[in-house]
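1. Sequence first, predicted coordinates after that:
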2 protein chains.
Amino acid sequence: MPKNKELNEKLKDERREQILSTALMLFASRGLAATRITDISKAANISQGLLYHYFSSKEEIFVKLMETAFEKLNEACRWLEAQPMPPDEKIRFAIYELLKLLEENPNAARYHLLIAQSAASDSIPDEAKDIIRREYTYPYEVIARIITEGQEAGTIKKHDANQSALVFWSAIKGLAIYRAVHQDTFIATNPEILCSIFLEDIKKDML
Amino acid sequence: MPKNKELNEKLKDERREQILSTALMLFASRGLAATRITDISKAANISQGLLYHYFSSKEEIFVKLMETAFEKLNEACRWLEAQPMPPDEKIRFAIYELLKLLEENPNAARYHLLIAQSAASDSIPDEAKDIIRREYTYPYEVIARIITEGQEAGTIKKHDANQSALVFWSAIKGLAIYRAVHQDTFIATNPEILCSIFLEDIKKDML
DNA sequence: GTCTATATCCAGATAGAC
DNA sequence: GTCTATCTGGATATAGAC
């Protein structure tokens, strides 16, 4: 019966998602190498053997998570760039949304941490390295382009656009890491602090 | 002969330093768990067995490096706070010096990366966790104090001081990580981009 | 002090029963 | 699909020769 098969497929997908989410938490807090396959299976309440019915190795889980991390991030960047907003509003909007996401969604911070860890690490699967090579620079490029536009319009401060984009993502990633680490004692950050790096302050009293 | 003994001690110390520096490079690029003891001994051109004459475990090496990382960072913060400068100059000075250090000294970036990795990781030795608990917040406190002083003097922007300190170190750490990862293609960052987060721009034309 | 060889342990992955 | 038991490999740490 195809009905039953479909249901089974869906259950399998759900189980996969559950494993992935568990693994994300563990990879973010311990790293790939220090996370044992038994840690994942225990945290997901399944036996070690069963895990291999869903994924063929620890590395496969890791690579899948990396793919998802970049899909989400780069899709958001693509979306941002396509919005019909003036460039300075795009920057402000991006900062507000990114900070809100970090505060509200622990997994979002974990994805950033995963990317940061992996980008900094030689000891990840080759496939993950390829993904980083392909996908890593896109967010930097998008922000640099928006900044350049804004500079032409006179609404964004005239620092070098590539350097500004680097500072943009360094600050966001730095905050994401802080947030992932200090889940409990995390202080929400006023987005305007970050905005003031990039935006000309037309209204001084907004601060 | 005490002369010979002294010389031997010095040679031993040098060898220890060499091992530590090698391990720092490897830990920064692969993480603690993924760095094998043989990787360290190979990179330091000694046998695996010999390494155990200098350190009793991989963890001991790691903890020693963590201690050094915080000693350097916190000593610099203590020094900065004690300088007879107005607070806004302290912030500008700190940003210039930190960025210069990151550009010129790969090990400095690696120490930051080590701290960031470790703070984010559950899978480090308990002793290292203790060090982090004791030492981690000090740099944030110093910067927050300086910012508060500057706000009273009217030379530093009036965002929440703790949040500003968090952004300060997030940006620095984010850049340090980027620098440690992209040794080759690293773009030097104009310190004024970061200064503009904190300092009231009295002279608009300085930018 | 330095090396090579070895003991021990533990994690990843597989096999086979239910 | 799910579990338990087992195989295998590799990494840490030690022992012992030089």
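-> Noted; the coordinates are in hand.

2. show me what contacts A:Ser164?
-> Listed by C-beta atoms under 8 Å, 6 or more residues apart in numbering or on different chains, the contact partners of A:Ser164 are A:Ile143, A:Ala144, A:Ile147, A:Lys157, A:Ile197, A:Phe198, B:Ile193. All C-beta atoms are positioned from the backbone trio N, CA, C, and that covers glycine.

3. for A:Pro106, that is, sorry about that
-> Applying C-beta under 8 Å, 6+ apart to A:Pro106 gives the contacts A:Arg179, A:Ala180, A:Gln183.

4. mind saving the C-alpha coords of stretch A:106-120 as PDB?
-> What follows is stretch A:106-120 as a C-alpha-only set of coordinates in PDB (Å, rounded to 0.1, in the frame of the first residue of the first chain):
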ATOM      1  CA  PRO A 106      19.200  28.800  19.900                       C
ATOM      2  CA  ASN A 107      19.600  26.700  16.800                       C
ATOM      3  CA  ALA A 108      20.300  29.800  14.700                       C
ATOM      4  CA  ALA A 109      23.200  30.600  16.900                       C
ATOM      5  CA  ARG A 110      24.300  27.000  16.800                       C
ATOM      6  CA  TYR A 111      24.400  27.000  13.000                       C
ATOM      7  CA  HIS A 112      26.600  30.100  13.100                       C
ATOM      8  CA  LEU A 113      28.800  28.400  15.600                       C
ATOM      9  CA  LEU A 114      29.000  25.300  13.400                       C
ATOM     10  CA  ILE A 115      30.000  27.400  10.400                       C
ATOM     11  CA  ALA A 116      32.600  29.300  12.400                       C
ATOM     12  CA  GLN A 117      34.100  26.100  14.000                       C
ATOM     13  CA  SER A 118      34.200  24.400  10.600                       C
ATOM     14  CA  ALA A 119      35.700  27.300   8.700                       C
ATOM     15  CA  ALA A 120      38.400  27.400  11.300                       C
END
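
5. From A:Tyr111, how far out is the closest residue to A:Arg15 other than its chain neighbours?
-> Taking C-beta to C-beta, 6 or more residues apart in numbering or on different chains, and ignoring the residues beside it in sequence, A:Arg15 has A:Tyr54 as its nearest neighbour in space, at 6.2 Å. Here the distance between A:Tyr54 and A:Tyr111 works out to 20 Å (C-beta to C-beta, to the nearest Å).

6. Could you check which of the two is surrounded by more residues?
-> In terms of neighbours (other C-beta atoms under 10 Å in any protein chain shown), A:Tyr111 is the more surrounded of A:Tyr54 and A:Tyr111; the figures are 24 against 17.

7. which parts of chain A sit against DNA strand C?
-> Those residues of chain A that sit near DNA strand C, judged by C-beta under 7 Å from any atom of the strand, are A:Thr35, A:Arg36, A:Ile37, A:Thr38, A:Gln48, A:Gly49, A:Tyr52, A:Ser56, A:Ser57, A:Lys58, A:Glu59.

8. Quick one: which of those residues is the most crowded by neighbours?
-> Comparing the residues of chain A next to DNA strand C on neighbour count, A:Thr35 comes out first with 23 neighbours (neighbours: other C-beta under 10 Å).

9. excluding its backbone neighbours, what's nearest it?
-> Nearest residue to A:Thr35, sequence neighbours excluded (C-beta to C-beta, 6+ apart): A:Leu26, at 4.6 Å.

10. Looks like that neighbour contacts A:Ala43 (just checking).
-> Yes - here A:Leu26 lies in contact with A:Ala43, judged by C-beta atoms under 8 Å, at a distance of 6.4 Å.

11. Then A:Ala33 would be within a helix, right?
-> No - according to DSSP: H, G, I helix; E, B strand; the rest coil, A:Ala33 belongs to no helix; its state is coil.

12. Show me what secondary structure element comes after the longest helix seen in chain A.
-> Longest among the helix segments of chain A by residue count, using DSSP state H, is helix A:2-30. The helix or strand immediately downstream of helix A:2-30 is helix A:37-43, counting by DSSP states H and E.

13. right, is whatever helix or strand comes next after that following helix up against DNA strand D?
-> Using DSSP H and E, the helix or strand that follows helix A:37-43 towards the C-terminus is helix A:48-54. Yes - counting by C-beta under 7 Å from any atom of the strand, DNA strand D is contacted by helix A:48-54 at A:Gln48, A:Gly49, A:Leu50, A:His53.

14. do the helix or strand bottoming out on mean pLDDT in chain A and DNA strand D meet?
-> Across the helices and strands of chain A, mean confidence by mean pLDDT, DSSP states H and E is lowest for helix A:2-30: a mean of 89. Yes - part of helix A:2-30 sits close enough to DNA strand D to count as contact by C-beta under 7 Å from any atom of the strand, namely A:Asn8, A:Lys12, A:Arg15.

15. Just the buried positions in that helix, please.
-> Within helix A:2-30, the residues scored as buried using 16 or more other C-beta atoms under 10 Å in any protein chain shown are A:Arg15, A:Ile19, A:Leu20, A:Thr22, A:Ala23, A:Leu24, A:Met25, A:Leu26, A:Phe27, A:Ala28, A:Ser29, A:Arg30.
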